[in-house]
Each structure stands twice: as C-alpha cells, then as structure tokens.
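*Asks:* Structure here, sequence nowhere to be found:
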Ligand SMILES: Nc1ncnc2c1ncn2[C@@H]1O[C@H](COP(=O)(O)OP(=O)(O)OP(=O)(O)O)[C@@H](O)[C@H]1O
C-alpha cells in the first residue's frame, strides 16, 4: 500500500526553475505516467521522489510521511533507468539478487525471491547468463527484476524502454503493463512518447516547462484536453488548431476559419456557450482532431467544398490535408478514400468532437456540444 504526494514542490537549478508549484497525489497501486517534451522537468520530478534530487520548497510524502529529508536508500523506492546499468561481471541471477545481499536474508529466501521475479518477468531460463549475452529487451527485464526483487514501496521508471528499437519497445510496453497488472505496485513512469503514455497509464500527468498541465486518464486527456498544449501534445496526427470566428443566426451557428468564404455549421447558441466558458470576443481557437473532420466525395447538406492536398494512405485509414481558407485541416478518412491531390471534396466538422480554446491563455473553454 503506497501513496505518494507532492505538495507545492519547487525546484531550481541555479536561476532556472524546473519544477513550478507541483501538486500531485498518486494513489496506491496506480500506474502514473509523466509525459512531456524534453526538458519539461519529468526526470527531475521523478528523481526528487526517489531521493536522488533535492527540492527547494514544498513537501514530498510517501504514505503520509514527509520524506524529502530522507536519503534515497531510506525511502524504499526502486528506480529503473533507460540505460540498463547491470553489473557486467555478474550473472543475471547475481544481478537480480544484488539488492538483497545487504538485507540479511538467508540464501534460501534470496533464492526464492530471485526465482519468483524471474518467473514473473519470464527470464528464468536466462539466470546463468551474463548481461553481454542478453538482448536489449532481456537486459531491461533484468533491470526491472533487480528493482522489483526487494518488493519496494514504489517503482519509478525513467524512459525504461526508450533505448530499444520500435518493435521491442512495443513488446516491452505490453510486458510492463502485464507486470503491473500482476504485481500492482505503485508505479511512476516517465516518457516523452504519448503512445506509450496512453497505453500504460491509469492516469497521465502532462508537464510543460516545469508546470503541470493536466492530470487525467488517457481518455480524459485525449477527449477533454485542458489547454492547447495538451491538445497538441496528445494524439497523432496532432489536433488541428485554427483561428475561428463565430457567426450566429437563428437556426444555427457558423464557425468561420480565416480566409474561408463559408463557415462550418454548429448548433445554435454556440456563442452563449462560449461566453459561459469565459470566451472574450475574438481570440478564439477551434480544435478538431483529424477523425472529427468528416469528408465526403459528393456534395452533402451542411458540408463545405474544399481542395484535397497531401494524401497519406496508411493502410487502415488515410490522412488527407484539406485547404480551408488560408489554413490546412488534416482529416482521417476510412481506408481507400484517397482523392487525387487537388480534387474537390466536401467537408464538415463534427461539433461533438470540436474544442474551443482561449488563444491568449490557451485554456479550454470547456464547451461540449
Ligand atoms: N543537474 C542539473 N543542473 C542544471 N540543470 C539541470 C540539471 N538537471 C536537469 N537540468 C535542467 O532542468 C530542466 C529539466 O530537466 P529534466 O531532465 O527534468 O527534464 P525532462 O523532462 O526529464 O527531459 P528529458 O526527457 O530530456 O530527460 C532541463 O532544462 C535541464 O536542462
């Protein structure tokens, strides 16, 4: 049972503040992924929890106990890094057993613990090998095994599979998820890969420039991004963002993109809802994911004529760039749609999938249609 809490944590490196007002509660058995671009402070936050980095202000609590004054060794937390950091002269068995040496456990107890972890990680047949005779994935399994063998209160992982090739990364991702489902230990995992974050996390913590942007389940951050940063960081291809003007008539609203002759049809009283969300006249951005841009070959009621540009047929679906006024909108269409570049197609925006943001603050106006 491990519960981790960060309260108003601040961290400076010289003049530069790399963690700003960080508040976060990590529940027992939760798999938390910290996601953000390079340099946003993920690793520093993780290292601060582990006790490998000091903090300048605030508190870090593990199971309700303030720990920032405790050394890493006294926090009972295990850490797995991207570099495998195994001892090359020791066998896999000895590498995994190593953290137990100082615990005073008997040989038999250590043996039981090593074999149990090796079974869970499916590396039992490799116990006699040295690290040089292992694949990258197996090396990382051993590193995880060494972290888990002493049943730590929590497992912290910093880009643990970032150095592996794409196929192995995918395999290891599944392994890590399976392991967590079996072991259920509180886990904090750092990555800048949003697919990895979505695949693994119970909740994702999204950071940018030392500031926590949003905490939520993969669905929450994907479907209801709190701001423009999250909207564009999560999801591939990225969410389309376009400046937008709203014109309202009796029966419907129209959302007009710059340079476009006509606007996209939206339900009436859109303006009222935007104002209720805190919109202030101009300075509005429309956000729509490629799957929310609906494209047809034939003219249809409520669809606008646009030109198709670059087309990426991806097998399971196509990605099409559409020129709307001065702006490009990316659409995701069913496979085989493939218009010719320059062909006229008909497009509509699904209001239920649209997001509106305040351009200045980047904040989502929380309008759900
Ligand atoms: N020991 C240090 N001394 C000075 N600056 C540091 C130190 N460690 C990290 N930084 C700076 O702090 C900021 C946050 O770094 P951090 O490693 O936490 O980011 P990150 O989000 O984990 O990035 P990455 O994915 O590249 O590791 C960066 O600007 C980095 O250059």
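*Replies:* Structure received. All values derive from a computational prediction rather than experimental measurement.
*Asks:* what packs against the helix or strand hosting residue 119?
*Replies:* Element membership of residue 119 [criterion: DSSP states H and E] is helix 107-120. Applying 3 or more CB pairs under 8 Å, 6 or more residues apart in numbering; DSSP states H and E, one finds that helix 107-120 contacts helix 92-97, helix 136-148, helix 166-183. The C-beta positions use only the backbone N, C-alpha and C, and glycine is treated the same way.
*Asks:* quick one, helices of the chain?
*Replies:* For the chain, helices defined by DSSP state H occupy the ranges 42-50, 92-97, 107-120, 136-148, 166-183, 194-200, 218-223, 228-233, 270-276.
*Asks:* Report all helices and strands that the longest one contacts.
*Replies:* Applying 3+ CB pairs under 8 Å, 6+ apart, one finds that helix 166-183 contacts helix 107-120, helix 136-148, helix 194-200.
*Asks:* I'd like to know which of those helices is closest to the ligand.
*Replies:* The closest of the helices and strands packed on helix 166-183 to the ligand is helix 194-200. By CB to the nearest ligand atom, the value is 12.5 Å.
*Asks:* what's that closest one in contact with?
*Replies:* For helix 194-200, the surrounding residues in contact (CB atoms under 8 Å, 6 or more residues apart in numbering) are 31, 33, 35, 161, 169, 173, 176-177, 180, 189, 191, 204, 218, 222, 233-236.
*Asks:* let's go with 7 Å and repeat that
*Replies:* Around helix 194-200, the neighbours that count as contacts under CB atoms under 7 Å, 6 or more residues apart in numbering are 31, 33, 35, 173, 176-177, 189, 191, 204, 218, 233-234, 236.
*Asks:* mind putting the helices and strands packed on helix 107-120 in JSON lines, distance to residue 358, mean neighbour count and mean pLDDT included?
*Replies:* Listed next are the helices and strands packed on helix 107-120 as JSON lines, based on distance: least, CB to CB, whole Å; neighbours: other CB atoms under 10 Å; pLDDT from 0 to 100:
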{"stretch": "helix 92-97", "distance to residue 358": "52", "mean neighbour count": "24", "mean pLDDT": "95"}
{"stretch": "helix 136-148", "distance to residue 358": "43", "mean neighbour count": "23", "mean pLDDT": "88"}
{"stretch": "helix 166-183", "distance to residue 358": "35", "mean neighbour count": "15", "mean pLDDT": "86"}
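*Asks:* ok, which residues in the stretch 1-150 of the chain are in contact with the ligand?
*Replies:* 13, 18, 36, 38, 39, 40, 41, 42, 43, 44 (CB under 6 Å from any ligand atom).
*Asks:* Centre of the chain to stretch 89-96, how far?
*Replies:* Offset of stretch 89-96 from its chain centre (CA atoms, centre = their mean, to the nearest Å): 33 Å.
*Asks:* need the contact list for the residue in the stretch 101-250 of the chain that the ligand sits nearest to.
*Replies:* Residue of the stretch 101-250 of the chain nearest the ligand, by CB to the nearest ligand atom: residue 192 (5.2 Å). The neighbours of residue 192, taking CB under 7 Å, 6+ apart as the test, are 35, 36, 37, 38.
*Asks:* wait, what's in contact with the first one?
*Replies:* In this structure, residue 35 makes contact with 191, 192, 194, 197, 204, 205, 206, judged by CB under 7 Å, 6+ apart.
*Asks:* Format the residues you listed as CSV; extra columns: pLDDT.
*Replies:* Below are the contacts of residue 35 laid out as CSV (pLDDT from 0 to 100):
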residue, pLDDT
191, 95
192, 91
194, 92
197, 96
204, 98
205, 98
206, 97
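*Asks:* and which of the contacts of helix 194-200 is nearest residue 276?
*Replies:* Closest approach to residue 276 among these (CB to CB): residue 234, at 25.4 Å.
*Asks:* Okay then, goodbye and thanks.
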